[in-house]
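Trainee: with the sequence up front, the predicted model follows.
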Amino acid sequence: SSVAALLLARHGCEVLGLFMHNWDERDENGECPSEQDWHDVQRVWEVLPGSHPRPRRLDFVKEYWNEVFSPFLDGYAAGITPNPDIGCNRVIKFGALRRQVASLGVDALATGHYARILSTPQSHHLMTARDLTKDQSYFLCNIPRDALQDSLFPLGDMLKSD
């Protein structure tokens, strides 16, 4: 996501960083590893070219637990092997987060996924990344198609060698 933000900033876009806190995790010392991730986001914002609003931290712990993790456990107990990343993208990132983005008046939701969007006048289609060794379109396979109309995947045309 930091690379996606950098690419958009280099193209002159105003970038608003949104940090998704999805899991309430404490290690044996009472520390939360996601705190370091949040600090990393803030440090990245300090070096982005241009002037951008400060990043925001959004809490989706309850939604993640109820709508992604619990169904994952239920599926696992039923003998299937659900993928929580697919559920998280559908329910959290392109559901709850997308609604938050719309309420902020932001034009588009950009993520660091390696995938592409083919837009036609009639529709938008999820496509594989240019670099098939980095492709993540599988993890986006269940997001609503209408989410593609206001989404950006800046890394989708990059090769690993870039």
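Mentor: Received, thanks.

Trainee: going forward, measure contacts between C-alpha atoms and count neighbours the same way
Mentor: Fine.

Trainee: residues touching the residue minimising distance to the centre of the chain, list them.
Mentor: Among the residues of the chain, Thr111 comes closest to the average C-alpha position under C-alpha atoms, centre = their mean, at 4.6 Å. When contacts are counted by C-alpha atoms under 8 Å, 6 or more residues apart in numbering, Thr111 touches 1, 4, 151-154.

Trainee: pLDDT weak spots in this protein?
Mentor: Counting by pLDDT under 70, the chain shows low-confidence ranges at 26-32.

Trainee: residue ranges of the strands in it, please?
Mentor: Ranges of strands within the chain are 18-21, 56-59, 109-110, 115-119, 124-128, 151-152, based on DSSP state E.

Trainee: now for the second one, which elements pack on it?
Mentor: Think strand 56-59. Using 3 or more C-alpha pairs under 8 Å, 6 or more residues apart in numbering; DSSP states H and E as the contact criterion, the secondary-structure elements in contact with strand 56-59 are strand 18-21.

Trainee: ok so, going back, between the contacts of Thr111, which is closest to Arg54?
Mentor: Checking the contacts of Thr111 against Arg54 with C-alpha to C-alpha, the nearest one is Ser1 at 15.3 Å.

Trainee: mind listing what's buried along stretch 90-104?
Mentor: Taking 16 or more other C-alpha atoms under 10 Å as the basis for neighbour counts, the residues of stretch 90-104 that come out buried are 90-98, 101.

Trainee: relative to Ser51, which of those residues is nearest.
Mentor: Compare each of the buried residues of stretch 90-104 with Ser51 using C-alpha to C-alpha and the shortest gap goes to Val101, at 19.2 Å.

Trainee: thinking again about what came up before, mind checking how far the residue nearest to the centre of the chain is from Ser123?
Mentor: Here Thr111 is placed at a distance of 20 Å from Ser123 (C-alpha to C-alpha, to the nearest Å).

Trainee: likewise for Pro82?
Mentor: Following C-alpha to C-alpha, the distance that separates Pro82 from Ser123 is 28 Å.

Trainee: for Leu159, same thing?
Mentor: Using C-alpha to C-alpha, one gets 26 Å for the distance from Leu159 to Ser123.

Trainee: quick one, which of those two is more surrounded?
Mentor: Here Leu159 and Ser123 are compared on neighbour count by other C-alpha atoms under 10 Å; more neighbours surround Leu159, at 14 against 11.
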